[in-house]
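1. Have a look; sequence and predicted model below, questions after that.
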Amino acid sequence: MEALSIVLVHELFRLEQTASAAARPLRGGLPVRQQKRLTEFIDEHLAEDISLVTLAGLVDLSLYHFARAFKQSFGVPPHRYHMDRRMDRAKNLLRRSSFSVTQIGNQIGFHEASSFTRAYRKFAGVTPSEYRRHRED
């Protein structure tokens, strides 16, 4: 009985330590100043393919540390963040401009309308034309 109570106390202590570690904020993300620099750079270069090397160089980190810190700071990997920003821009253009779907795709860096349509469907669940049509209804 005594041995069982010792094991139980030990396990309760271990669970408490694990729970308190999970409650602590994660460390190792990018400082706010670097986050701002990266988001501005990505927004200025939406239509371009931006390499991980370029982004890591902006904040003077190795590729591994940059990728980890970026995901920790933004919740997604750099490529995914860049693609999400592109699709947000496309959504705004579809809503507010009279540009064709092909022109919008070209503006955000897609050279083929089919590539843009496929990427937009993956992002929004509908094609750009369907999105525009439903916005007009």
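-> Alright, I've got the coordinates.
2. Have a look at this structure and report the helix or strand with the lowest mean pLDDT.
-> When the helices and strands of the chain are scored by mean pLDDT, DSSP states H and E, helix 2-23 comes last with a mean of 68.
3. Name the residue closest to the centre of this structure, please.
-> Nearest to the geometric centre of the chain sits Y81, at 3.0 Å (CA atoms, centre = their mean).
4. Can you verify my assumption that that residue contacts A67?
-> No: with contact defined as CB atoms under 8 Å, Y81 does not count as touching A67 (11.3 Å). To be clear about C-beta, it is placed using only N, CA and C from the backbone, and glycine gets the same treatment.
5. Give the residue spans of the protein that score low on pLDDT.
-> By pLDDT under 70, the low-scoring segments of the chain are 4, 18-27, 136-137.
6. ranges for the strands of it?
-> Under the criterion DSSP state E, the chain carries no strands.
7. what's around the closest residue to T117 other than its chain neighbours, how many residues?
-> Once flanking residues are discounted, T117 sits nearest to T127: 5.2 Å by CB to CB, 6 or more residues apart in numbering. Residues lying near T127 (other CB atoms under 10 Å) number 15.
8. K36 too?
-> 11.
9. ditto for the one 5 residues further on
-> When counting by other CB under 10 Å, one arrives at 14 neighbours for F41.
10. The residue nearest to T117 reaches S114, doesn't it?
-> No: counting by CB under 8 Å, S114 is not a contact partner of T127; they are 10.4 Å apart.
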